[in-house]
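Colleague: Following is a predicted model, sequence given first.
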Amino acid sequence: MLRALCPVETLYVGQRSRAVLSCTLRGRVDAEALSAAFDAVTEENPTLRSCIVPDGAGYALRLLGEDERPRLVVRTGDPDEAYTAELNRALPVGGPLTRAVLVGSPDGERHLFVLLVDHTVTDGHSSIALHNALWDRYGALVRGEAAAPAAGSVPAEPHWPEPVSRLLPPTDEADTATYLDGRVDRARQHPVELVPYDVPRPSSGGAAPGGDGAGEGRIEVCRLTLDAERTALLRRTARGSGVSVHALVAAALLTAARRRLDGDGPRTLGCLSPVDLRSRLSPPLPASVMVPAVTTHLQTLEVSADADPLDLARTVHARLNDFIARGDHVHEMRITPEIPANPALQLATVIATNMGVVPGPRLPDGLWAVDVRLVPAREQYFPQAGRSPLMACVVSFEGRLSIEFPHYTACFSPSFAETFRDDVLDGLLAFARQARPEHALADPT
């Protein structure tokens, strides 16, 4: 049985991006119970036991056979090395749309669990919900409150989730066409500047993670975290300034990016922000529904070398709120299929994803989550382009703000990413000090 992808979902097929959830654990893990829990959540979500196949001029999801469906991979090794390896392992078209791996240290007391899901069938909210649901099922199994799923218990007729593009409120086609024309005109009139790569440009060809070519890079991630106290201070500054934490983070990113461009005068920078659609549908769509339910807002700003970061934050906040209040997020979702023909519609200097405050997994007694992470990754990078947006994935697990900076080492070097990270950290600490004068520290990791 096939489930056709809508035009918006089809766009993700070409992008080949994926959500990478990981959880560092201390204590003993019952691998058999975790495997059964993974089987259970994939049975409940047919998109997770599907693959992408051609379907006429587009694509569709096809259920995998029992011997093809994803299963938990369990092995022993170094968790840090395993994380980098899994981050760089693709989810190719035609294969399973999810992968789960448990890597244990030789003494069995430290584990890394990694869950990858293709963005064709997920967004940040649903991938976090899936991760937490899996650990809920695991806890029930080890406590004897649930039975493992029986072999061959997959329903013959899956209940496919409806594409979000079909759940949007109706819009006038002429209004959407006018909106598209305006977006294209603004992108043409205000082209944004991108941050140049610091790694020498290759002579030709692209580079893909996991390839065999000499000199290719890999995906790496540097990160900053604020402890609960500093996170609270940042929120206090946001409230006192009438802006969101997202706007403060975006301002810190824009300020750090501007330092990578020449001159002191204004430069046109773009900030791309996600807009969650789940909470804006009627009725709201639960996070447990495995579909991509997000659109974006792109705004351009004239940023000078001496720009006031708080003024930038106020501009970002006001424009994003106006965008949503006008209902333009619906038009933006409608025009998403036009992006391949008009890539400038999503071309930004910085990309600031924002999951907000989300719960971590609930674990049974004797097992503790030392760290939880969400990082976006994709298959294809373009070192030959010479410049690109800088991405920051922002999420607060258990009240601690974390920003991940994924980068491809054939484009931006690790030292570049670390310096950029440190600049953003300085900007956030400056905001936090506005809530309390004492010097605030943070932990870049």
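Modeller: Everything's here; your move. The shown structure was predicted, so the numbers you read here are calculated from the model rather than taken from an experiment. Numbering: from 1, shown residues only.
Colleague: In this protein, where is pLDDT below threshold?
Modeller: Within the chain, the ranges that satisfy pLDDT under 70 run 148-156, 202-215, 436-445.
Colleague: Need the residue in this structure that's farthest from the chain's center.
Modeller: Relative to the centre of the chain, the most outlying C-alpha is that of residue 144, 34.2 Å out, by CA atoms, centre = their mean.
Colleague: Can you check my assumption that that residue lies in a helix?
Modeller: No. Under the criterion used here (DSSP: H, G, I helix; E, B strand; the rest coil), residue 144 is coil, not part of a helix.
Colleague: tell me the phi and psi of it?
Modeller: Main-chain torsions, residue 144, degrees, to the nearest 10: phi 80, psi 20.
Colleague: care to break the chain down by domain?
Modeller: Taking automatic domain parsing as the criterion, the chain consists of the domains 2-164, 168-359+378-444.
Colleague: Could you check how far the residue farthest from the centre of the chain is from residue 120?
Modeller: Note on residue 144: its distance to residue 120, by CB to CB, to the nearest Å, is 36 Å. (Glycine included, C-beta is placed from N, CA and C.)
Colleague: Kindly report the same for residue 388.
Modeller: According to CB to CB, residue 388 and residue 120 sit 22 Å apart.
Colleague: more neighbours, the two?
Modeller: Here residue 388 and residue 120 are set side by side on neighbour count (other CB atoms under 10 Å), and the busier one is residue 120, at 27 against 21.
Colleague: The more buried one: what's it in contact with?
Modeller: Applying CB atoms under 8 Å, 6 or more residues apart in numbering, we find residue 120 in contact with 5, 9, 12-13, 52, 97, 292.
Colleague: List the beta-bridge partners for residue 58.
Modeller: For residue 58, the beta-bridge partners under DSSP bridges are residue 55.
Colleague: could you say what helices and strands the helix or strand hosting residue 139 packs with?
Modeller: When elements are defined using DSSP states H and E, residue 139 is found to belong to helix 124-142. Based on contacts counted as 3 or more CB pairs under 8 Å, 6 or more residues apart in numbering; DSSP states H and E, the elements that helix 124-142 packs against are strand 17-27, helix 31-44, strand 110-118, strand 350-358, strand 367-378.
Colleague: For the last one, list every residue counted as buried.
Modeller: What it means is strand 367-378. 367, 369, 371-378 (16 or more other CB atoms under 10 Å).
Colleague: quick one: which of those is nearest residue 169?
Modeller: Distances from residue 169 to the buried residues of strand 367-378, taken as CB to CB, are shortest for residue 376 (28.0 Å).
Colleague: and that closest one, what are its bridge partners?
Modeller: Counting by DSSP bridges, residue 376 is bridged to residue 19.
Colleague: All the strands of the stretch 251-400 of the chain, residue numbers only.
Modeller: 267-276, 294-303, 350-358, 367-378, 387-388, 390-397, 400-408 (DSSP state E, counting those that start in this stretch).
Colleague: Please name whichever of those strands is nearest to residue 40.
Modeller: With CB to CB as the criterion, residue 40 lies closest to strand 367-378 of those, at 18.2 Å.
Colleague: got the angle for that closest one vs strand 17-27?
Modeller: Compare the direction of strand 367-378 with that of strand 17-27 by axes from the mean of the first three to the mean of the last three CA atoms, to 10 degrees and you get 160 degrees.
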